[in-house]
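Participant: predicted model, plus sequence, below.
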Amino acid sequence: MTTPDLRRRPDRTHRTRAAGAFGAAVLAAATIATVGTGTAAAATAAEILTAACTHYEPDPVWNPGNPALNRVSDCHGAYLFGADLAGANLAGANLNSANLFVASLNGANLTGANLTGAILTYANLTFANLNDANLNSANLNDTDLTSANLTGSSVIPGNVSAPATSVDGATATWTAPTLPIGVTVNSCDHTSGTQFPIAPTLVTCTVGNDRAGTGTGTFTVTTQAPLFADTTPVALTGTVGTVLTRTFTATGTPNPTVTVVDPTQLPPGMTFRNATGVPTLSGTPTAAGSYTFTLTADNGVGTPKTLDVTMTVAPTPVAPVFADTTPVALTGTVGTVLTRTFTATGTPNPTVTVVDPTQLPPGMTFANDPVTGVPTLSGTPTAAGSYTFTLTADNGVGAPVSLTTTVTVEAPATGSLGSLFGS
């Protein structure tokens, strides 16, 4: 089986309309000899594209949000004069400056295709999907666009957002796209510069040329009532005794007024006001806790918008202090259980540790009690002697504080007074 050489460029006679029609008829009748049968079979779209393109991808992947995942055909500058590509999947394909004169692309998938500068004169694009396709500088003279989907393409305006100016909505404007060569019809069922209600409005545009049949594309006009710049609930943190200020932004036309629904829900010591024209939460919290309140933005247009705010107020930081104000002296006896707890206060709660555990009396340990969490020295001493060690309390506020502790471990009694006097 042999494939026609579609890279061959046309001679000057192809430039006339009559010659173009003749060339299309010849290519449509192109056949490939089938070995051993003597019969002929028309070249398929895949065979044509394989021969004409730098790279043909039969099962393309086009992901505009993540181009690294794209797997598309590269047919830039390809000579596809009169080719029958009906139903071909060319999603995301590079067809920049391709010659598609009198080609059939009926029902083809050209989503996201780059057709910049492509020659589409007399081409058949009926029912083709040109969603998000780039047709800048393409030649669409006498191209049949009947029922083609042109949404998101370069011949359809992009989506429009406009702030509402009254309860009736807003005046929305957009710039008409630059039309490629040959396109003479481009009209929409809504006109730029007219009033739109407070709701998304789908605008349908018709695109075509002197040839019968037009394609359509849509875009959305959205008019906006008041909106907060914060799109999710706001979480704030503060500390008792420390000033906190947070501003909020709400947009709309006219400018919306932002208020707190229930001022009693604000943290004690905090206020919400618009003294400088900017909605502001400010003050010095006086009580720890978690406080949730709701803000509203209203300008008389549409429904007021709400924003939930949660503020967590931590207590004032306090450096750690041991309850024992002087060095601690303890006594114990070999073989007898000894337990002593220690207390350190502060905000947040301090952690108490022994600086050098090897200085503890043999048989003794220092740890937080697994039930109460209280720092505890405990165990059964195994050797007499005097042991001095240091505890520290630290909570990240100021410098850690230390406490010196001495444990005197005595040997157990060896006998009674009676044995000493022989009775």
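Facilitator: Alright, I've got the coordinates. What you see is a predicted model, and the numbers here were worked out from it, not measured in a lab. Numbers count the residues shown, from 1 in each chain.
Participant: in the helix or strand where residue 170 lies, what's buried?
Facilitator: Under DSSP states H and E, the secondary-structure element containing residue 170 is strand 170-172. Neighbour-count burial for strand 170-172 flags 170, 172 (criterion: 16 or more other Cβ atoms under 10 Å). Heads up, the C-betas are built off the backbone N, CA and C, glycines and all.
Participant: what pairs with the helix or strand just after it, parallel or antiparallel?
Facilitator: For strand 170-172, the following helix or strand on the C-terminal side (DSSP H and E) is strand 185-188. Paired neighbours of strand 185-188 in the sheet (DSSP bridges): strand 201-208 (antiparallel).
Participant: how far off centre is the strand it pairs with?
Facilitator: Centroid displacement of strand 201-208 relative to its chain, using Cα atoms, centre = their mean, to the nearest Å, is 30 Å.
Participant: list the buried residues of that strand.
Facilitator: For strand 201-208, burial by neighbour count (16+ other Cβ under 10 Å) applies to 201, 203, 205, 207, 208.
Participant: quick check: buried residues in the host helix or strand of residue 319?
Facilitator: Per DSSP H and E: residue 319 is located in strand 318-322. Buried residues in strand 318-322, counted by 16+ other Cβ under 10 Å: 319, 320, 322.
Participant: strands paired with it, and their directions?
Facilitator: strand 344-347 (antiparallel).
Participant: list the contacts of the partner strand.
Facilitator: 315-323, 350, 352, 375, 393, 395, 397, 401 (Cβ atoms under 8 Å, 6 or more residues apart in numbering).
Participant: farthest-separated two in those?
Facilitator: Using Cβ to Cβ, the two most remote members of the contacts of strand 344-347 are 316 and 375, lying 23.2 Å apart.
Participant: counting neighbours, go ahead and name the busier of those two.
Facilitator: residue 375 (22 against 14; other Cβ atoms under 10 Å).
Participant: what is the neighbour count of the nearest residue to the more buried one once chain neighbours are set aside?
Facilitator: Computed as Cβ to Cβ, 6 or more residues apart in numbering, the closest residue to residue 375 that is not its neighbour in sequence is residue 352, at 3.9 Å. When neighbours are counted by other Cβ under 10 Å, residue 352 registers 24.
Participant: wait, residue 352 touches residue 374, no?
Facilitator: No: contact criterion Cβ atoms under 8 Å: residue 352 and residue 374 do not qualify, at 9.1 Å.
Participant: who touches both of the two?
Facilitator: Common contacts of residue 352 and residue 374 (Cβ under 8 Å, 6+ apart): 342, 368.
Participant: now do the strands in the stretch 151-300 of the chain.
Facilitator: 160-163, 170-172, 185-188, 194-196, 201-208, 214-224, 227-228, 234-239, 244-247, 250-251, 257-260, 270-273, 280-283, 289-298 (DSSP state E, counting those that start in this stretch).
Participant: which residues of the stretch 301-423 of the chain fall in strands?
Facilitator: Using DSSP E, counting those that start in this stretch, the strands of the stretch 301-423 of the chain run over residues 305-314, 318-322, 328-333, 338-341, 344-347, 351-354, 364-368, 375-379, 385-394, 401-410.
Participant: quick one: which of these is nearest residue 217?
Facilitator: strand 305-314 (31.7 Å).
Participant: what sits up against that closest one?
Facilitator: The contact list for strand 305-314 (Cβ under 8 Å, 6+ apart) reads 225-228, 230, 233-240, 244, 248, 250, 256, 261, 267, 270, 281, 285, 287-298.
Participant: and that strand, which strands flank it?
Facilitator: The sheet places strand 305-314 alongside strand 234-239 (parallel), strand 289-298 (antiparallel), with pairing taken from DSSP bridges.
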